[in-house]
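Asker: Okay, predicted coordinates and the sequence, questions at the end:
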Amino acid sequence: MDYLQENGITVETVMVDDTSTIKEEYGIPPDLWSCHTMVVDGYYIECHVPIDVVLKLLEERPPIDGIALPGMPPGSTGMDGEKDGPWVIYADTGELRAFVNVFLGQEDVRHLHGVKTA
């Protein structure tokens, strides 16, 4: 959570016994469920989404319910190990589709050049 605060996001931690309750409340598709769920300005953010993608979401404010990086991939924020392949961060518009692709060994060129991907 430090990385969120370091990037200007106010964090309030809420510990729950059953995380499925918050996931169901926000309509997060079960295929995207993971260990952590955030709600930021009405969007859900599921799992270890990189901060640049969170900031992209908050800057662009697309008409989606939230984003997710399923599977707790190695090398993602807060996870041990090294990134071992590309990641697809999904947008939930009622149907899942790619929001951003993060490639191994390079950044997503569309994101770096400001092309909207959502």
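Answerer: That came through, no problem.

Asker: Tell me the pLDDT of the residue nearest to Gly94 when sequence neighbours are not counted.
Answerer: Distances taken as Cβ to Cβ, 6 or more residues apart in numbering put Asp65 closest to Gly94, at 7.6 Å, once the chain neighbours are dropped. All C-beta spots, glycine's among them, are computed from the backbone N, C-alpha and C. Turning to Asp65, the model gives it a pLDDT of 91.

Asker: residues contacting Asp65?
Answerer: Asp65 sits next to Tyr26, Gly27, Ile28, Tyr43, Tyr44, Asp92, Thr93, Gly94 when contact means Cβ atoms under 8 Å, 6 or more residues apart in numbering.

Asker: Okay, the fourth one and Lys56: tell me how far apart.
Answerer: When Cβ to Cβ, to the nearest Å is applied, the distance between Tyr43 and Lys56 equals 11 Å.

Asker: next one: the second one
Answerer: The spacing between Gly27 and Lys56, counted by Cβ to Cβ, is 21 Å.

Asker: When these two are compared, which one has more neighbours?
Answerer: Relative neighbour count places Lys56 above the other of Gly27 and Lys56, with 22 against 11, counting by other Cβ atoms under 10 Å.
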